[in-house]
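>>> Need a 3D model of the following:
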Amino acid sequence: MTPTSPLRRARSLLMASAAALAIGSVAVPFPSALQAQTANAPASLVTPDGSFAEIVKLAKPAVVTVTTQLTAQPAFSAPAPGMPGQGPQGQGQIPFDQFFQHFFGPGGPGQMAPGPQRGQPDAALGSGFIIRADGYIVTNNHVIDHASKITVTLDDGTDYPAKLVGTDPKTDIAVLKIDATGLPTVQWGDSNAIEVGDQVVAIGNPFGIGTTVTRGIVSARGRDLHNGPYDDFLQVDAAINHGNSGGPLINVAGQVVGIDSAIYSPNDGSVGVGFAIPSDQARAIVTGLIDKGKIDRGYLGVQIQNVTSDIANALSLPDSHGALVAQVNPDTPAAKAGLEAGDVVISLNGVKITDSRDLSRSVAAIPPGQSSTFGIWRNGAEKDITVTLASLPATPAAPDLNSQQPDTNGTAVPSLGLNLTQLTPDIRQQLGLPDTETGLVIMGIDSNSPLTDVGLKPGDVIVSVNTHPVMTLDALDKELKTAADDGKHSVLLMIDRQGKQMFVGVPVGKV
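Numbers count the residues shown, from 1 in each chain. Model prediction:
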């Protein structure tokens, strides 16, 4: 079998030849509401003897199979935006990536694997569920990605051609519509009310064998699979396999609390580690897709990172919550409002921001054009800044990280375990840096350097120490000494990597 990459989406690749079944693939507020409403205080339908039969009778008729004919793709397709392996400085890489799978086989989104060729029609199979009696169906975006034709098969075996209402690749959600009325539906449940240990049921069409029901418990909440800033998965141990993708995760009241989307597996099958998109995130996205056919997200225009304890100490922050602004993109809402690199966003509209992912999701949930109050930490004090958010633009192309490295050795700085040199016109040209770039270039890193664990590499530029620019080695030494004399446990280095900025906290004791 062709090797596959970490997160494979859940659908079955049905090859046209011989009976070979290449099996694969398993928030934002909006004004209008779906027909399927969340019930308050849902009562359990599990019988005293532990049977889930009543739940299955209620939900199974609304679960469908989604089959697609795929558009012919090049022999090898590049990773899709937002899928594993994307992002600067290796962000988006999945630990134990050989075991993580979204439920597609080779050729699924985000993979360098053979895809359908001209003259070689291919199809895919996944699951979905009906949320409105007039034919609106929810599934995963990866189930219908690159589809030239979509067919929905109801639980009673009836086939319908389906049209695509809208997709949101960032959350892997899609909405379909079939021309039918009086269809069975499922209600949305409250995923925020789900607790670790609660019982759940997964319904879908694993391996294309037919609608199948499995049960388990919620194993964890808030799982981040590094697909993007909106990851917030429920982890369950109910058996989820290839073909379950897009199917519902059901609570004991027979309501949808998640959309089955991914598994962790060393053997291509379920090992009791599955992931579902929470209903409270999915429901808002689905509503937006039905209303507008797309999702509009708020856009701030900054590069952000988490606040480590060393960074918090260097900035005199009381604790390490918040999102550190590493770079402010020009001509963006953040730039116009006066946000600066080095600011820490600690709240948004009065709500505490825990980390960079929390800020990304919170900003995305605000409608473009709306003014919001950002609480920031700057120069040792709190400050409020009002920002009018714009609409999230298309994802820009990733920068080329393969430029030539400088060919000098630089000057050793033993306290940091680095070899550094001042920027010269020749080095700027070799690194592809603008003429205005200033700082000290990392030419080499010792194996025992305190910075070996923070991801720095030759060619990175140290722009500042504790927000003070350093253009010479003397200036660097002065800032390090000042920090130590002031009793700082850590210093904050601003690093520029080919136009992308980030901060690194370095313990002073190691310097």
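>>> Spell out the residue ranges of the helices in the stretch 201-350 of the chain.
Using DSSP state H, counting those that start in this stretch, the helices found in the stretch 201-350 of the chain span residues 279-292, 309-314, 333-337.
>>> Select from those the stretch with the lowest mean pLDDT.
Mean pLDDT across those is lowest at helix 309-314; the value there is a mean of 87.
>>> so which of the helices of the stretch 201-350 of the chain gets nearest Y299?
helix 333-337 (6.7 Å; Cβ to Cβ). (Each C-beta comes from the backbone N, C-alpha and C, glycine too.)
>>> where does the stretch 51-200 of the chain have low pLDDT?
Counting by pLDDT under 70, the ranges of the stretch 51-200 of the chain that qualify are 71-121.
>>> do that again at 90, thanks
Low-confidence segments of the stretch 51-200 of the chain, defined by pLDDT under 90, span residues 51, 69-124, 146-148, 169-171.
>>> picking that back up, okay, the helices of the stretch 201-350 of the chain in TSV with mean neighbour count and distance to G258 next?
Supplementary listing: the helices of the stretch 201-350 of the chain in TSV, determined by neighbours: other Cβ atoms under 10 Å; distance: least, Cβ to Cβ, whole Å:
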stretch	mean neighbour count	distance to G258
helix 279-292	22	6
helix 309-314	21	34
helix 333-337	19	33
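>>> Save these as CSV, and put in distance to Q430 too.
Converted to CSV, the helices of the stretch 201-350 of the chain look like this (distance: least, Cβ to Cβ, whole Å):
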stretch, distance to Q430
helix 279-292, 45
helix 309-314, 30
helix 333-337, 29
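>>> Please name whichever of those is nearest to I385.
Each of those was checked against I385 via Cβ to Cβ, and the shortest separation belongs to helix 333-337, namely 5.4 Å.
>>> Would you map out the domains in this protein?
The record's domain split for the chain, according to automatic domain parsing, is 1-295, 298-391, 411-510.
>>> sorry, back to before: among the helices of the stretch 201-350 of the chain, which is nearest S371?
Distance to S371, taken as Cβ to Cβ, is lowest for helix 333-337 among the helices of the stretch 201-350 of the chain, at 9.4 Å.
>>> Can you give the distance from the closest one to the centre of its chain?
Averaged C-alpha coordinates place helix 333-337 at 24 Å from its chain's average position (Cα atoms, centre = their mean, to the nearest Å).
>>> Counting by contacts, list what it packs against.
For helix 333-337, the contact count by 3 or more Cβ pairs under 8 Å, 6 or more residues apart in numbering; DSSP states H and E identifies strand 323-328, strand 381-388 as packing neighbours.
>>> quick revisit: of all the helices of the stretch 201-350 of the chain, which one comes closest to M494?
Of the helices of the stretch 201-350 of the chain, the one closest to M494 (Cβ to Cβ) turns out to be helix 309-314, at 11.0 Å.
>>> follow-up on the earlier one: most tightly packed of the domains of the chain?
domain 1-295 (a mean of 20; mean count of other Cβ atoms under 10 Å).
>>> re earlier: could you tell me the least trusted of the helices and strands packed on helix 333-337?
Looking at those, the lowest mean pLDDT belongs to strand 323-328 (a mean of 91).
>>> partners of it, with directions?
If you go by DSSP bridges, strand 323-328 pairs up with strand 302-306 (antiparallel), strand 344-348 (antiparallel).
>>> need the ones you listed in a markdown table with mean pLDDT, can you?
Formatted as a markdown table, the entries for the strands paired with strand 323-328 read as follows, by pLDDT from 0 to 100:
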| stretch | mean pLDDT |
| --- | --- |
| strand 302-306 | 89 |
| strand 344-348 | 96 |
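>>> Could you export the ones you listed as TSV, including distance to I462?
Supplementary listing: the strands paired with strand 323-328 in TSV, determined by distance: least, Cβ to Cβ, whole Å:
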stretch	distance to I462
strand 302-306	16
strand 344-348	20
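>>> Which one, of the ones you listed, ends up nearest to L389?
Checked against Cβ to Cβ, the stretch from the strands paired with strand 323-328 lying closest is strand 344-348, at 10.5 Å.
>>> which residues touch the closest one?
Residues lying outside strand 344-348 but in contact with it, judged by Cβ atoms under 8 Å, 6 or more residues apart in numbering, are 304, 307, 315, 317, 321-325, 352-353, 359, 362-363, 372-378, 382.
>>> quick revisit: of the helices and strands packed on helix 333-337, which is nearest L433?
Comparing those by their distance to L433 (Cβ to Cβ), the top pick is strand 323-328, with 14.5 Å.
>>> Outside of that closest one itself, which residues are in contact with it?
Outside of strand 323-328, the residues within contact range by Cβ under 8 Å, 6+ apart are 301-307, 311, 334-335, 339-345, 353, 355-356, 358-359, 494, 500-503.
>>> Quick one: the helices and strands packed on helix 333-337 as TSV, columns for distance to K481 too.
Supplementary listing: those in TSV, determined by distance: least, Cβ to Cβ, whole Å:
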stretch	distance to K481
strand 323-328	24
strand 381-388	25
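>>> can you tell which of those strands is closest to D49?
In terms of Cβ to Cβ, the element of the helices and strands packed on helix 333-337 nearest to D49 is strand 323-328, at 49.6 Å.
>>> How far off centre is that closest one?
With Cα atoms, centre = their mean as the basis, strand 323-328 stands 18 Å off its chain's centre.
>>> Could you do stretch 252-261 as well?
Its chain's C-alpha centre lies 21 Å from the corresponding centre of stretch 252-261 when counted by Cα atoms, centre = their mean.
>>> Between the two ends of it, what distance do you get?
For stretch 252-261, the separation between the terminal residues is 20 Å (Cα to Cα, to the nearest Å).
>>> Give the rounded mean pLDDT of it.
In this model, stretch 252-261 has an average pLDDT of 94.
>>> Check which helices and strands the host helix or strand of A484 sits against.
Assigned by DSSP states H and E, A484 belongs to helix 473-485. If you count contacts as 3+ Cβ pairs under 8 Å, 6+ apart, helix 473-485 packs onto strand 411-413, strand 418-422, strand 461-465, strand 468-469, strand 490-497.
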